[in-house]
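Engineer: Next input, structure requested:
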Amino acid sequence: MATLGGVLVCLLIAALDVAAAILGIQAEVAQNQYTNLGLSDCREPSNDAFRRGLGAIAMLVIAQVLINLFGGCLCICSQEFQRSSSIKQISMVCLVSTWIVVVVAFLTLVIGTLTNSKSSSSCGLAHLHFLSVGGILCFLHALLCAAYYASATAAKDEAAKDEAAKPISA
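Structural biologist: This next block holds a predicted model:
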């Protein structure tokens, strides 16, 4: 039953990340429909791109919160980390990687979304494809979250086996 729960957690996180990625890419497409082809090469803000960008940001944040809740928190201590098992080391590398990717994806989605706020038109930042890059990073986040959850679960199981194997001292 625990493996079914793990599969459901991975599917939930993956679904949130894929939805965020699709919204980010759709926001980029919506933004490109509002290109002002004049001499200034500026873009007018797109309300549709703004809303989709906000949705992508929200789903990415929810996915990161959920993976940290379900994956648990493993202590990072430099001495303990070097002596820990390879499964725990892989888990920590995946956890740090998810945080790096989520920060970069979050920032790119925020920048892309803000270029579509009604308060200003953008001349330059819109050409850097922040929304689609953020969407692609959401796909990467889904993969890293699945790897983190699987390795964190394996590390917890390994720790439980080690604890059960210890002799009881009187």
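Engineer: Just give me the longest helix of the chain.
Structural biologist: Taking DSSP state H as the criterion, the chain has its longest helix at helix 130-165.
Engineer: Tell me which residues of that one come out buried.
Structural biologist: Judged by neighbour count using 16 or more other Cβ atoms under 10 Å, the buried positions of helix 130-165 are 130-142, 144-153, 155-156, 158. To be clear about C-beta, it is placed using only N, CA and C from the backbone, and glycine gets the same treatment.
Engineer: Helices of the chain, residue ranges please.
Structural biologist: 2-32, 47-71, 78-83, 86-114, 130-165.
Engineer: From the contact counts, what lies against the last one?
Structural biologist: The criterion is 3 or more Cβ pairs under 8 Å, 6 or more residues apart in numbering; DSSP states H and E, and the helices and strands that helix 130-165 contacts are helix 2-32, helix 47-71, helix 86-114.
Engineer: which residues of this structure score low on pLDDT?
Structural biologist: 1-2, 34-43, 73-82, 119-127, 162-163, 169-170 (pLDDT under 70).
Engineer: make it 80
Structural biologist: Counting by pLDDT under 80, the chain shows low-confidence ranges at 1-3, 33-45, 72-84, 118-128, 158-170.
Engineer: From P167, how far out is M59?
Structural biologist: 48 Å (Cβ to Cβ, to the nearest Å).
Engineer: Who has more neighbours out of those two?
Structural biologist: Counted by other Cβ atoms under 10 Å, M59 and P167 do not tie: M59 has more neighbours, with 22 against 5.
Engineer: Quick check: closest non-adjacent residue to that one.
Structural biologist: Nearest non-adjacent residue to M59, counting by Cβ to Cβ, 6 or more residues apart in numbering: A20, 3.8 Å away.
Engineer: angle of the longest helix of the chain against helix 47-71?
Structural biologist: 10 degrees (axes from the mean of the first three to the mean of the last three Cα atoms, to 10 degrees).
Engineer: Next, the angle helix 2-32 makes with helix 130-165.
Structural biologist: 170 degrees.
Engineer: orientation of helix 130-165 relative to helix 86-114 in degrees?
Structural biologist: Going by the same axes, to 10 degrees, helix 130-165 makes 160 degrees with helix 86-114.
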